[in-house]
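>>> Sequence first, then the predicted structure:
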Amino acid sequence: MRHLICAAALTCFGGPLAAAPLCDDLGFAGLLASCNRGETIQLTLASGKPLGEDVVLESGAYYKLEITADGSAELAIEGPSFFRAIWMNEIVINQIEIRPMAIDSIEFDKAGVAELSFIAIKPGRHVLRIPGSTGESQSVTLSIQ
């Protein structure tokens, strides 16, 4: 809110608008700086169990999404609107780093962990869900502000 008031005041007085940094000093790493990192988001893929809790993200901040499958069923997670609202840094599976342009879904055939690191970009409400499921606990809403 403070940043919006400052931006409005600068607009009224004809001064230049500048984006407020998320950290005092982003340094050489820029948006990937450690001071710009949010909490890790944990999701669990397990047959009949809740996927996770809804999360609020800040646009321009760096996050990790850790998806853990327990192997109880062959399950996937999809969310094309979410994956298009972020800049994907990498996906790490079994210590193999993948730097994709875009994805629609990730499927687990057996137990394992996938870690996605990204920067939230496009504000809005985005849903990650288990494909074909209808239960509320089988989806998570990620709101980017």
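Looks like it came in fine. Numbering: from 1, shown residues only.

>>> what's the spacing between the nearest residue to G71 once chain neighbours are set aside and K122?
Of all residues not flanking G71 in the chain, A111 sits nearest, at 3.1 Å (Cβ to Cβ, 6 or more residues apart in numbering). For every residue, glycine as well, the C-beta is placed using N, CA and C. Using Cβ to Cβ, to the nearest Å, A111 is found at 32 Å from K122.

>>> Least confident secondary structure element in the protein?
Using mean pLDDT, DSSP states H and E, helix 2-12 stands out as the lowest-scoring helix or strand of the chain, at a mean of 45.

>>> what element comes up after it heading to the C-terminus?
Counting by DSSP states H and E, the next helix or strand C-terminal to helix 2-12 is strand 41-45.

>>> who are the neighbours of the helix or strand following that next one, in terms of helices and strands?
Sequence order places strand 55-57 as the next helix or strand after strand 41-45, per DSSP H and E. Identification of packing neighbours for strand 55-57 by 3 or more Cβ pairs under 8 Å, 6 or more residues apart in numbering; DSSP states H and E yields strand 139-144.
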